[in-house]
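Participant: build me a structure from this.
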Amino acid sequence: MDRKLFKAAMDGHVHILKQCNQLECQSTPTSNTVLHIASLYGRSQCVEHVLSTCTALLKTVNKKGETPLHIAAKKGYADIVVALIECARTQGNDMESGVGVVEEMVRMVNEEKDTALHMAARNGWVKVGELLVREDPEFEYYGNRAGESPLYLAVEGGLRELVFVILDKGSSPAHGGPMGRTALHAAVIRNDKGMTLKILEKKKFLTEIADEDGWTPLHYAAHFNHVKMVRLLLRQEKSAAYTPNKEGKTALHIAASRGHTESMQELVSQCPDCCELVDGRGQNALHVAVENNEAGSVGLMLKNPLFGSLINEKDVNGNTPLHLLATWGCYIRSLIIDPRVDKSAYNAENLTALDIATCTHQFSTLKSLVRRELALAGAKGGLRKRNLEFSLMFVGVAASRVKDFFASARSFAPSIIFIDEIDAIGSKRGGPDIGGV
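Facilitator: Residues are numbered from 1 along each chain as shown. Sure thing, here's the model as predicted:
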């Protein structure tokens with residue numbers, strides 16, 4: 001493009017443009033026309049002049065597939081968007097498709113499959129977005145290459161006014177987003193009650209739509225502890241409380257794993273039997289709360305009679321919540337001392353919780369504390385272990401392992417060996433207090 005022409009379009013010097021002929025033949029290395037440049041810099045007078053002399057540039061695209069309308073919508077220049085639309089309106093209908101030139105221009109997509117409305121929504125231009133929706137309310141505005149619909153982008157960006165216009169004026173606007181999410185997912189994640197209510201009013205069925213990981217909007221409400229969203233979604237569709245994600249986890253599992261007791265209470269108050277559900281590993285809400293060391297969730301469930309039947313339930317590996325406590329070294333005393341907990345239960349490997357806690361090679365930091373609390377609470381070691389397991393229980397690690405460990409350290413000499421709790425290798429054998437010195 002001629003340097004003077006480019007600068008005139010950029011700076012808004014209409015008188016220079018009027019001196020140039022064949023404007024449609026001028027373009028930049030990225031195929032931007034003079035109309036693209038004027039739209040990019042918000043030069044409305046230049047835009048009007050170019051349109052009056054070269055209407056063919058109205059739908060010309062650059063190397064990114066962007067029309068001047070894409071550029072104006074991206075920058076938020078409402079006056080230029082109006083000028084482009086008014087010019088298109090004078091062109092009538094496309095001879096081949098029969099669709100109005102306005103609608104055709106508004107529906108054009110760039111290389112990323114973005115329409116001008118996508119551009120406006122992504123960049124937060126509410127007024128421009130409203131103009132575009134009103135010009136073509138029948139178009140669904142599908143997702144772009146990233147799967148983002150304009151409605152999803154508007155919700156994600158918190159553009160409530162634009163969301164309402166799209167839902168009220170559009171006949172059937174698309175609602176999809178990336179990773180299989182919907183506009184309702186985005187509204188719930190933002191914890192925006194107004195947008196959530198509006199989406200539910202128009203698209204109630206979205207409460208049942210899960211994303212690529214199997215997460216429904218209720219899963220996200222529980223994950224972020226958006227209690228009002230949990231309550232609102234359950235009032236619309238209680239079946240969501242029973243819907244598992246790809247790991248088999250319900251919203252209650254998610255809330256319990258993060259210590260969100262308020263969301264847990266809301267879930268069981270509206271759907272009390274959802275507490276019976278287990279995930280893909282056969283674990284109930286108490287299992288996952290213990291595994292994630294969430295003492296608050298555990299305390300809530302121990303106090304609520306709805307969860308009483310879960311206390312000694314086993315997962316697919318035969319582990320009760322107490323087994324998991326010992327496995328992960330979680331110090332949740334309320335579970336250890338609860339008289340309803342079966343402290344002699346065996347898992348699929350014929351180990352009790354105390355057996356697991358005594359195998360010092362399984363964890364370190366809290367092992368002694370957990371082991372001591374279990375012993376004080378009356379937990380007993382099992383009688384089903386093999387000889388090696390007995391050796392590991394009473395000695396801490398087998399002699400051969402100690403020998404191998406020191407040989408390895410010697411090979412890296414000079415080196416320092418840290419021994420956590422000397423009683424692990426010098427314990428009193430045969431006494432009632434396993435591991436004591």
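
Participant: over to residue 33: give its phi and psi.
Facilitator: Reported as degrees, to the nearest 10, the phi and psi values for residue 33 are phi -90, psi 180.

Participant: got the contact list for residue 277?
Facilitator: When contacts are counted by Cβ atoms under 8 Å, 6 or more residues apart in numbering, residue 277 touches 242, 244, 250, 252-253, 284. C-beta: built from backbone N, CA, C; applies to glycine.

Participant: same for the helix or strand hosting residue 355, what does it pack against?
Facilitator: For residue 355, the host element (DSSP states H and E) is helix 353-358. The contact analysis (3 or more Cβ pairs under 8 Å, 6 or more residues apart in numbering; DSSP states H and E) places helix 353-358 against helix 321-328, helix 367-376, helix 387-395.

Participant: follow-up on the earlier one: just the buried subset of the contacts of residue 277, written out for ChimeraX, thanks.
Facilitator: Filtering these down to the buried ones (16 or more other Cβ atoms under 10 Å) takes a single ChimeraX command:
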select :244,250,252,253,284
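
Participant: which of the contacts of residue 277 sit farthest apart?
Facilitator: Farthest-apart pair in the contacts of residue 277 is 242 and 284; separation 13.6 Å (Cβ to Cβ).

Participant: tell me the pLDDT at residue 54?
Facilitator: pLDDT for residue 54: 89.

Participant: ugh, typo on my part, it should be residue 179
Facilitator: Turning to residue 179, the model gives it a pLDDT of 96.

Participant: likewise the one 4 residues further on?
Facilitator: Residue 183 carries a pLDDT score of 97 in this model.

Participant: now swap in residue 329 and tell me
Facilitator: pLDDT recorded at residue 329 is 81.

Participant: re the thing from before, among the helices and strands packed on helix 353-358, which gets the worst mean confidence?
Facilitator: Mean pLDDT is lowest for helix 387-395 out of the helices and strands packed on helix 353-358, coming in at a mean of 45.

Participant: my guess is residue 349 contacts residue 323, does it?
Facilitator: No. Judged on Cβ atoms under 8 Å, residue 349 makes no contact with residue 323 at a distance of 9.5 Å.

Participant: so which of these two has more stuff around it?
Facilitator: Counted by other Cβ atoms under 10 Å, residue 349 and residue 323 do not tie: residue 323 has more neighbours, with 26 against 15.

Participant: got the contact list for the more buried one?
Facilitator: Shown in contact with residue 323 (Cβ under 8 Å, 6+ apart): 345, 347, 351-353, 356.

Participant: buried ones in stretch 338-356?
Facilitator: Buried-residue list, stretch 338-356, by 16+ other Cβ under 10 Å: 341, 343, 345-347, 351-356.

Participant: ditto for stretch 249-264
Facilitator: Using 16+ other Cβ under 10 Å as the burial criterion, the residues of stretch 249-264 that qualify are 249-261, 263-264.

Participant: re earlier: could you list which of the contacts of residue 277 belong to strands?
Facilitator: Assigned to strands by DSSP state E, none of these qualify.

Participant: looking at the contacts of residue 277, which is nearest residue 109?
Facilitator: Ranked by distance to residue 109 (Cβ to Cβ), the contacts of residue 277 are led by residue 244 at 36.4 Å.

Participant: from residue 54, how far off is residue 21?
Facilitator: Distance, residue 21 to residue 54, by Cβ to Cβ, to the nearest Å: 10 Å.

Participant: just the strands in the stretch 1-150 of the chain please.
Facilitator: With strands called from DSSP state E, counting those that start in this stretch, the stretch 1-150 of the chain shows none.

Participant: all helices for it, in order.
Facilitator: Along the stretch 1-150 of the chain, counting by DSSP state H, counting those that start in this stretch, helices occupy 3-11, 14-17, 34-40, 44-53, 68-75, 78-89, 101-107, 116-122, 126-135, 150-156.

Participant: same list (those) but as JSON lines, adding mean neighbour count.
Facilitator: Listed next are the helices of the stretch 1-150 of the chain as JSON lines, based on neighbours: other Cβ atoms under 10 Å:
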{"stretch": "helix 3-11", "mean neighbour count": "16"}
{"stretch": "helix 14-17", "mean neighbour count": "15"}
{"stretch": "helix 34-40", "mean neighbour count": "27"}
{"stretch": "helix 44-53", "mean neighbour count": "19"}
{"stretch": "helix 68-75", "mean neighbour count": "26"}
{"stretch": "helix 78-89", "mean neighbour count": "20"}
{"stretch": "helix 101-107", "mean neighbour count": "20"}
{"stretch": "helix 116-122", "mean neighbour count": "29"}
{"stretch": "helix 126-135", "mean neighbour count": "22"}
{"stretch": "helix 150-156", "mean neighbour count": "29"}
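
Participant: can you redo the ones you listed as CSV with distance to residue 194?
Facilitator: Converted to CSV, these look like this (distance: least, Cβ to Cβ, whole Å):
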stretch, distance to residue 194
helix 3-11, 41
helix 14-17, 44
helix 34-40, 33
helix 44-53, 34
helix 68-75, 25
helix 78-89, 24
helix 101-107, 27
helix 116-122, 17
helix 126-135, 15
helix 150-156, 11
